[in-house]
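Engineer: Kindly generate the corresponding structure for this input.
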Amino acid sequence: MVVPKSEDKMYYPPPDLQRDAHVPNLNWYLELYRKSLENPEAFWKEVADEFFWKKPATGPMLQYNFDITKGNIYVKCMEGAKTNICYNVLDRHVKERNLGAKVAYYWEGNSANDHMTITYSQLLSQVCRCANVLKQMGVKKGDRVSIYLPMIPELVYTMLACARIGAVHSIVFAGFSAESLSERIRDAQSSVLVTADGVYRGEKLINLKEIVDEALEKCREKASSTVTKCLVIKHIGLKTNSDAACIKLQTPWDSQRDMWWDEAMRGSAEECEPEWLDAEDPLFILYTSGSTGKPKGVLHTVAGYLLYTSLTFKYVFDHQYDDVYWCTADIGWITGHSYITYGPLANGATGVLFEGVPVYPHVGRFWEIIEKYKVTKFYTAPTAIRLLMKHGREPLENYDLSSLRIMGSVGEPINPEAWQWYHEVVGQRQCPIVDTFWQTETGGHVLTPLPAATPLKPGSATFPFFGVEPAILSEHGEELEGEAEGYLVFKRPWPGIMRTLYKNHECFENIYFKKFPGFYVTGDGCRRDKDGYYWITGRIDDMLNVSGHLLSTAEVEAALTEYPGVVEAAVVTRPHKVKGECLYCFISLKDSMEFNNSVVEELKKLVREKIGPIATPDFIQNAPALPKTRSGKIMRRILRQIARNDKDLGDLSTLADPKVVEVLFSQRCEAAA
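Structural biologist: Alright, predicted model coming up:
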């Protein structure tokens, strides 16, 4: 890594931010980074000393094997230590740091009329009450609890209650279908499910309990239903959205299984002794799309995840005591786990918890909330930025955004045009943008600027975080030095990296460590420029990044081929002005079937039902045949070029039938032109 001497346009940290920053300049970063690699034991011990340990570690801070040829892959952090992450993010602040009266969350509902302020003392009380309810329902250390909730305070209460009693939470994004929910419940073998009666997304009312009942029925059909209790929050009934809508919402009920949250919580005690867990005990399972089409249960453990989310939050957002921090993500994704719940709370931060959507009830909703709470640190996705760009500068002019100090980007690489708009229009050229690269698997940021230290290049994730050692490899596994482009890998673990895939360690080793022994393989392509800056170039494997959400080609293709008459399907992405990328699907039909609008709409509906609205294809094209190699492998590289209407196809010598390409170009979707 070198100190940048680039002729590229650079954006330097504002001096007033550097004055009180945790990492105030690039040299400071380089010195700390060097220490984190050369003496990781001392580096991570300093971080660990901030927290409460019931029993200190007996082993080193980090032990690992990344080389599959030398035995099983493993990572261990602080072996022998005992702690509780809920105690460290709540009790420690209330009982040791006297922060009980400090605001933990400002909750802002889908409707601007719905809002709530929750202090650290109130949060601790609610979490303890929920933990006692779960214990009364029979939940014990190591049991899995599935959570299918919108962005309401009860979501945080429940996940922290699980962490308090040593149960493993498995949160499923409340936009997933019954099929996807069922699959995740079955894989985790959850004994309890926590949900709500329904939720509004903008003006749209979604009956969550109906989806839950359908999911549990699917579990029963497959003779794998383990859920014995379902705890239901009366969310719509308590909100002010619309009385008429409340009447329309029929909450299905099973009196043997279902319990109302309010009734269960009513007599629950406000104190609950935490379960003291081993450092490597599981904390949560979070499912991410797999290249096989079956979701992978990424497993994170207690101590390492606590250290890493805490430190990345503190340094990447340069957290200060008086900050009001807002991450607009959903807790159903890893961003919400790490940077709405665990990371901010570990630092005693004040956060905004937002249930709504960016443009409801008006296009200035984001800016209204920033002004209302005087948000200082703002973290959102390029998809949201591009959506708001469409509405121009005018909506921002009605609001005072002068409280903003640092802005962040997450979910996918941000295109330079969106970066510039975010910087100039939203941040008024005063706010550094931390463009963070990381994954569900990494647990926290791995490539990221530090706001007071790193000169920025729009679109670059810049440099590695502390303890992270990236490399770029060629297709043949050769490590490339200097300016290079290839596979992004990591040479060593950091405390917050995943430990395994739930109940499938062999799959974990095959996906992340088999291709290049000795390295963790991200599945992403990467370019390093002459200044040592890293630029993520996108997925190398068969994964799709739509609106910052990772989907697998196999998962979407499997849904499409369930439609009667679809013989074969292939799915790629093409650029989209708002989503970044959208799904472009090619389908081959039986000779007896006609391709028409009705088929297209039915296929889109099927994908929505099987996976969820986020996976809905934007384009579906008829493909009498697909471009394949002589061995029968679909050449998705060519399909991506067709979806983009790019005739620069490269080498076609391995194609079994080159004429297929001409036919597909001639039948492209008109709307995609």
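Engineer: can we go C-alpha only for contacts and neighbour counts from here?
Structural biologist: OK.
Engineer: where along the stretch 401-550 of the chain do the helices fall?
Structural biologist: 416-421, 505-512 (DSSP state H, counting those that start in this stretch).
Engineer: Return the set of buried residues in the first one.
Structural biologist: Of the residues in helix 416-421, 418, 419, 420, 421 count as buried by neighbour count, 16 or more other C-alpha atoms under 10 Å.
Engineer: go on, the longest one?
Structural biologist: By neighbour count, with 16+ other C-alpha under 10 Å as the criterion, the buried positions of helix 505-512 are 508, 509, 511, 512.
Engineer: just so I have it, where are all the strands in the stretch 151-300 of the chain?
Structural biologist: With DSSP state E, counting those that start in this stretch applied, the stretch 151-300 of the chain shows strands at 168-171, 192-196, 199-201, 204-206, 229-233, 258-260, 277-278, 282-288, 296-301, listed in chain order.
Engineer: Out of the ones you listed, which is closest to residue 439?
Structural biologist: Residue 439 lies closest, by C-alpha to C-alpha, to one member of the strands of the stretch 151-300 of the chain: strand 282-288, at 9.7 Å.
Engineer: Now the residue sitting furthest away from the middle of the chain: which helix or strand?
Structural biologist: Largest separation from the mean C-alpha position in the chain: residue 592, at 42.5 Å (C-alpha atoms, centre = their mean). Under DSSP states H and E, no helix or strand contains residue 592.
Engineer: where does the stretch 501-650 of the chain have low pLDDT?
Structural biologist: 542-543, 629-633 (pLDDT under 70).
Engineer: Do you have the strands of it handy? List them.
Structural biologist: Using DSSP E, counting those that start in this stretch, strands in the stretch 501-650 of the chain cover 520-528, 534-539, 543-546, 549-552, 566-576, 580-589, 619-622.
Engineer: Redo those strands as JSON lines? Include mean neighbour count.
Structural biologist: Formatted as JSON lines, the strands of the stretch 501-650 of the chain follow (neighbours: other C-alpha atoms under 10 Å):
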{"stretch": "strand 520-528", "mean neighbour count": "20"}
{"stretch": "strand 534-539", "mean neighbour count": "20"}
{"stretch": "strand 543-546", "mean neighbour count": "23"}
{"stretch": "strand 549-552", "mean neighbour count": "20"}
{"stretch": "strand 566-576", "mean neighbour count": "21"}
{"stretch": "strand 580-589", "mean neighbour count": "22"}
{"stretch": "strand 619-622", "mean neighbour count": "21"}
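Engineer: Out of the ones you listed, flag the one nearest residue 398.
Structural biologist: Nearest of the strands of the stretch 501-650 of the chain to residue 398, taken as C-alpha to C-alpha: strand 580-589 at 27.5 Å.
Engineer: So, low pLDDT: which residues of the stretch 1-150 of the chain?
Structural biologist: Looking at the stretch 1-150 of the chain by pLDDT under 70, you get 1-7.
Engineer: 80 - rerun?
Structural biologist: 1-8 (pLDDT under 80).
Engineer: Do you have the strands of it handy? List them.
Structural biologist: 62-65, 74-77, 82-83, 103-108, 115-119, 144-148.
Engineer: And the buried residues of helix 416-421, which is closest to residue 644?
Structural biologist: Relative to residue 644, the closest of the buried residues of helix 416-421 is residue 418; by C-alpha to C-alpha it sits at 20.4 Å.
Engineer: what packs against the helix ranked longest in the chain?
Structural biologist: Across the chain, the longest stretch assigned as helix under DSSP state H is helix 120-136. Contact here means 3 or more C-alpha pairs under 8 Å, 6 or more residues apart in numbering; DSSP states H and E; on that basis helix 120-136 packs against strand 103-108, helix 153-165, helix 261-266.
Engineer: Tell me which of the ones you listed sits most buried.
Structural biologist: Mean neighbours per residue, mean count of other C-alpha atoms under 10 Å, is largest over those for helix 153-165, with a mean of 25.
Engineer: can you list contacts of it?
Structural biologist: Helix 153-165 has contacts (C-alpha atoms under 8 Å, 6 or more residues apart in numbering) with 84-87, 107, 123, 126-128, 130-131, 134-135, 140-141, 145, 147, 149, 168-169, 194, 274-275, 283, 341, 353.
Engineer: now stretch 215-235
Structural biologist: Outside stretch 215-235, the residues that touch it by C-alpha under 8 Å, 6+ apart are 137, 178-179, 181-183, 185-186, 189-199, 209, 257-262.
Engineer: please redo it, this time with the cut-off set to 7 Å
Structural biologist: Here stretch 215-235 makes contact (C-alpha atoms under 7 Å, 6 or more residues apart in numbering) with 178-179, 181-182, 186, 189-199, 257-261.
Engineer: Now that stretch: buried residues?
Structural biologist: Neighbour-count burial for stretch 215-235 flags 215-216, 218-219, 225-227, 229-235 (criterion: 16+ other C-alpha under 10 Å).
Engineer: what about that stretch, how long is it end to end?
Structural biologist: Start and end residues of stretch 215-235 are separated by 20 Å (C-alpha to C-alpha, to the nearest Å).
Engineer: do stretch 191-207 as well
Structural biologist: For stretch 191-207, the first-to-last residue distance is 22 Å (C-alpha to C-alpha).
Engineer: Give me the distance between that stretch and the centre of its chain.
Structural biologist: Averaging C-alpha positions (C-alpha atoms, centre = their mean, to the nearest Å) puts stretch 191-207 20 Å from its chain's average.
Engineer: Equivalent analysis for stretch 408-427, please.
Structural biologist: 18 Å.
Engineer: what does stretch 452-461 give?
Structural biologist: Worked out by C-alpha atoms, centre = their mean, stretch 452-461 lies 22 Å from the chain centre.
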